[in-house]
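Q: okay, structure incoming, though there's no sequence with it:
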């Protein structure tokens, strides 16, 4: 009984902060604009009929996939070090890693402009060294968005993966070594299968976070439009709340589906191993 | 340490609660500190009355959308807009009538007869140039100049679906270019200008202009003049040779304003001499007759610079606002 009572706050949070907003979102996505309107699929139909909305969704999925792939790959080495080794300053490294995640997206957007904008630090240094102005205003294109997202997704991926890797038992690889496995065989046959579920869930976390990220592109996107930006525009430029709700539902469903699929895959791999 | 947490919380509450209870506020949507010197105006109000009006980064259209969303449970007391969007918000029934002290002295074409909106000051669309950021290129003198390949990647105007000043430009450029009701000449110009555009930011670009990140910003003349004379930045304010648009900037009282009495006092004060003078010091022309003094008056561009300024009917602008914004998104923003 006591345990049941302890679940109550969680239940309350789930209902109030998750189910109610999601329900409201789904409800208004199916309403005609205006208080007197009835039920309709029109908001979804218009979303999928609009070329720019589809392009933005493609950009969103593309950038999120790219960011998830790159940050999962790049976080492998630091996560491995943090999980497996003890070294001086480890606590500092971990604390510094959490810093980018504490910044709001809008601040990261401004940082990106300061570093990669038209008179950003990096383009100016590049121009001083090479005489070329190729990087001028890089912040405002695909490259800028990618860099800005990696800035806060790599730490997230590193810390997620580190937690998973700490369960990794190095004795498995030692055992393989005593049985005569080469380093390559150990990596391919022992380490990789053991680590793969953790990699998949890291990928899922970074993908989901990138898909919903908004503050960064709000500041830096010049022409590259992403779905979260279009949702913002529907609300703040056109007061089109029902259309915005439909777009949000599409984004939520895609994010959820990707996560569900990847986690399913991860747990099947785990079951297979056992 | 853990034992001390309740004590710490209690101490924090002891400090914070009286402060929260005592401090009076008025919430103004669209209160951008570097636009029309709202930072200075609200600081003066705090000094004179002890009432705080916190900054708010929303542009005109974002303000209208927020008020619409919050209709059942209003959060803001007053709102500030570019004239056309303020007019549009009035037609949506988002304001309650109020005639602040001095309302009668406002020219009839700069207010709603019932007091659902009224002008506080006017500005003009101008080309604001950070001269060193051009690295020796000539300062553009006209909207036609901005189309030259010289200025590729140097020109910025805000996203007109969010910021009312940019909407006034996007709408008004058609008239400046001699276009008709189909807006073809205006959109033709905007399409050609698109080749030179660095970005269409949703937020205010004043600081980026001063830093040189934005070399050329199409915005209100007063913001450029303030950058030069108050913030001492190397900014030239160019009133384009082809002409410009007069932009009334308006206030309104939000329907169901939660702090109605305080809001009325603040709205009265905004038309009073100290507020109007502060607005003039940031080079927006006060709607009330205030004596600027010879020093300040000499810093305004000569009247001849505005000889080709046009006034556009706000009711038409408001009626076409959604269509023009949607067309801009389709033809300009989504063009590449």
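A: Received the coordinates, thanks. These numbers come from a predicted model, not from an experiment.
Q: for the rest of this, base every contact and every neighbour count on C-alpha atoms.
A: OK.
Q: roughly how far does residue B:44 sit from residue B:146?
A: 38 Å (C-alpha to C-alpha, to the nearest Å).
Q: between these two, which has more neighbouring residues?
A: residue B:146 (21 against 17; other C-alpha atoms under 10 Å in any protein chain shown).
Q: what does the stretch 151-300 of chain B put close to chain A?
A: Proximity of the stretch 151-300 of chain B to chain A, by C-alpha under 8 Å from any C-alpha of the partner chain, involves residues B:161, B:162, B:198, B:199, B:200, B:201, B:202, B:203, B:212, B:213, B:214.
Q: from residue B:75, how far out is the closest residue to the first one other than its chain neighbours?
A: The shortest distance from residue B:161 to any residue other than its chain neighbours is 4.8 Å, reached at residue A:237 (C-alpha to C-alpha, 6 or more residues apart in numbering or on different chains). Going from residue A:237 to residue B:75 by C-alpha to C-alpha gives 19 Å.
Q: give me the more crowded residue out of those two.
A: residue A:237 (26 against 18).
Q: how about the more buried one, what does it touch?
A: Contact analysis of residue A:237 by C-alpha atoms under 8 Å, 6 or more residues apart in numbering or on different chains lists B:61, B:62, B:65, B:161, B:162.
Q: could you identify which of those has the most neighbours?
A: residue B:61 (30 neighbours).
Q: which ones are touching that one?
A: A:236, A:237, B:85, B:161, B:162, B:163, B:164.
Q: try it again at 10 Å.
A: A:235-239, B:30, B:67, B:81-82, B:84-86, B:88-89, B:160-164, B:167, B:321-322 (C-alpha atoms under 10 Å, 6 or more residues apart in numbering or on different chains).
Q: what's the distance between the single nearest residue of the stretch 201-336 of chain B relative to chain A and residue B:281?
A: Of the residues in the stretch 201-336 of chain B, the one nearest chain A is residue B:213, at a distance of 5.6 Å by C-alpha to the nearest C-alpha. Separation of residue B:213 from residue B:281 (C-alpha to C-alpha) stands at 25 Å.
Q: neighbour-wise, which of these two wins?
A: residue B:281 (24 against 21).
Q: chain neighbours aside, what residue packs nearest to that one?
A: Using C-alpha to C-alpha, 6+ apart, the closest residue to residue B:281 is residue B:296 (7.1 Å).
Q: host element of the one you found?
A: Applying DSSP states H and E as the criterion places residue B:296 in helix B:294-299.
Q: list the contacts of the next helix or strand after that helix.
A: As assigned by DSSP H and E, the chain's next helix or strand after helix B:294-299 is strand B:309-310. Residues outside strand B:309-310 that contact it (C-alpha under 10 Å, 6+ apart): B:124-125, B:172, B:175-176, B:239-240, B:242-247.
Q: which of those residues are buried?
A: Buried residues within the contacts of strand B:309-310, counting neighbours by 16 or more other C-alpha atoms under 10 Å in any protein chain shown: B:124, B:125, B:172, B:175, B:176, B:239, B:240, B:243, B:244, B:245, B:246, B:247.
Q: output these as CSV; include the columns pLDDT.
A: What follows is these, written out as CSV (pLDDT from 0 to 100):
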residue, pLDDT
B:124, 97
B:125, 97
B:172, 97
B:175, 96
B:176, 96
B:239, 96
B:240, 97
B:243, 95
B:244, 96
B:245, 96
B:246, 95
B:247, 96
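Q: just those: which are in strands?
A: B:124, B:125, B:244, B:245, B:246, B:247 (DSSP state E).
Q: isn't the first one right up against residue B:248?
A: Yes: with contacts counted by C-alpha atoms under 10 Å, residue B:124 reaches residue B:248, the gap being 8.5 Å.
Q: shared neighbours, those two?
A: With C-alpha under 10 Å, 6+ apart as the test, residue B:124 and residue B:248 both reach B:284, B:285, B:311.
Q: mind listing the helices for the chain?
A: You didn't pick a chain, so chain A it is. A:2-13, A:20-29, A:42-49, A:51-84, A:90-102, A:105-116, A:121-130, A:142-165, A:171-178, A:183-185, A:192-212, A:215-220, A:227-236, A:241-273 (DSSP state H).
Q: to clarify, I was referring to chain B.
A: Under DSSP H, chain B gives helices at B:4-22, B:38-49, B:60-69, B:83-91, B:164-176, B:184-194, B:206-211, B:221-229, B:260-270, B:273-281, B:294-299, B:314-331.
Q: the ones you listed: which one's closest to residue A:244?
A: helix B:60-69 (12.6 Å; C-alpha to C-alpha).
Q: average pLDDT across the closest one?
A: Mean per-residue pLDDT for helix B:60-69: 93.
Q: now stretch B:303-312
A: 93.
Q: ok so, going back, restricted to strands, list the residues of the stretch 151-300 of chain B next to chain A.
A: Per DSSP E, those map to strands at B:198, B:199.
Q: the residues of the stretch 151-300 of chain B next to chain A: which two are farthest apart?
A: Farthest apart among those - using C-alpha to C-alpha - are B:161 and B:212, which lie 24.4 Å from each other.
Q: which residues touch stretch A:14-23?
A: A:8-13, A:25-29, A:245, A:248-249, A:252.
Q: of these, buried ones?
A: Applying 16+ other C-alpha under 10 Å to the contacts of stretch A:14-23 flags A:25, A:26, A:28, A:29, A:245, A:248, A:249, A:252 as buried.
Q: surely the first one is in contact with residue A:248?
A: Yes: in this structure, residue A:25 sits in contact with residue A:248. The criterion is C-alpha under 10 Å, and the distance is 7.6 Å.
Q: if we can go back for a sec, just checking, what packs against the helix holding residue B:296?
A: helix B:221-229, helix B:273-281 (3 or more C-alpha pairs under 10 Å, 6 or more residues apart in numbering or on different chains; DSSP states H and E).
Q: as TSV, those helices with mean pLDDT would be great.
A: Shown next, in TSV, are the helices and strands packed on helix B:294-299 (pLDDT from 0 to 100):
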stretch	mean pLDDT
helix B:221-229	96
helix B:273-281	93
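Q: who in the stretch 101-250 of chain A is up against chain B?
A: Residues of the stretch 101-250 of chain A lying close to chain B (C-alpha under 10 Å from any C-alpha of the partner chain) are A:113-114, A:117-120, A:136-137, A:140, A:218-225, A:232-241.
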